[in-house]
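1. coords please:
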Amino acid sequence: MLKEERHAYILHQVNLHNKVLSSHLSEQIQVSEDTIRRDLAELAQDGKIIKVHGGALSNSFHLGITSQDVYAVEDKKTIALKAVQLIQDGMFVLTTGGTTIAELARILPKDLQATFITVSLPAAFEYANHPNIEVIVIGDKLSKGSKITVGGEAISKIKMIKADLCFLGNNAIDVEDGLTDNDWDVVQVKRAMISTSKKVIVLSISEKIDASEQLKICDVNEIDILITELPPNSKKLQPYKKKGIQIL
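-> I've put the predicted structure just below:
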């Protein structure tokens, strides 16, 4: 793969997942980690990504750039419009972070009266714009890579909650491999959220369907609803429907 091709691939992966690891990119592209580090340094110098220890972060997620600069934002808005229909007055709603969750937060009805509990600082700020929503932020160490709070205290507090709905942003989902991620701390938080919620809803653009990362969160049979931008009868989604997941 030529350098220009590597750069295009890396940039796509960073924008798709918001965060990438050098070791993972090295395996995917089949070049040395030294080569990946040089590629990341060049992309960062050009202002296209943010280089961090062990990988890179996307500009759109980590610099607070407006909604229109977010990767696949129209697809994420479609997902948010489907997801918001599940929320009713009086509910306790638990959410992770990510750009799709942020789109959901932006379109919540102004007259909605519900309690939103989140580990995500960007999501909390969006929820706070709604006059009738109670916002609870779970505190602990802040993960700069994901902009959510992580750690033992956060997990303990999450396990004390009995949420009606849990909305999870997604990094990768596969019928056989389940829901996966590349961040150990994020995985622990999501596992805790799943264990304490009555209904688990995964929000995912279709590019992240049939994909896998290194760390497992849960099997697909622990997911109640999968929401994508695709029509529910899309061929790509039928294997998940066969596993008993409701598709929206």
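2. count of neighbours near residue 178?
-> Residues contacting residue 178 under the criterion other C-beta atoms under 10 Å number 17. All C-beta atoms are positioned from the backbone trio N, CA, C, and that covers glycine.
3. Relative to residue 194, how far out is it?
-> As judged by C-beta to C-beta, to the nearest Å, residue 178 and residue 194 stand 11 Å apart.
4. just residue 43 next, same as before
-> 34 Å.
5. So for this protein, the centremost residue is which one?
-> Of all residues in the chain, the one closest to the mean position by C-alpha atoms, centre = their mean is residue 169, 3.0 Å from it.
6. Show the pLDDT at it.
-> pLDDT, residue 169: 94.
7. hang on, the earlier thing: show me the common contact partners of residue 178 and residue 194, please.
-> Contact criterion C-beta atoms under 8 Å, 6 or more residues apart in numbering; residues shared by residue 178 and residue 194: 217-218, 222.
8. how about stretch 181-199: buried residues?
-> If you call a residue buried by 16 or more other C-beta atoms under 10 Å, then stretch 181-199 has these buried ones: 181-183, 185-194, 197.
9. Can you pull the domain assignment for the protein?
-> With domains defined by automatic domain parsing, the chain comprises 3-58, 73-247.
10. Need the winner for burial among the ones you listed.
-> Most buried of the domains of the chain by mean neighbour count (mean count of other C-beta atoms under 10 Å) is domain 73-247; its value is a mean of 19.
11. ends of it, how far apart?
-> Using C-alpha to C-alpha, to the nearest Å, the end-to-end distance of domain 73-247 comes to 20 Å.
12. Stretch 76-96 now?
-> Stretch 76-96 stretches 15 Å from its first residue to its last (C-alpha to C-alpha).
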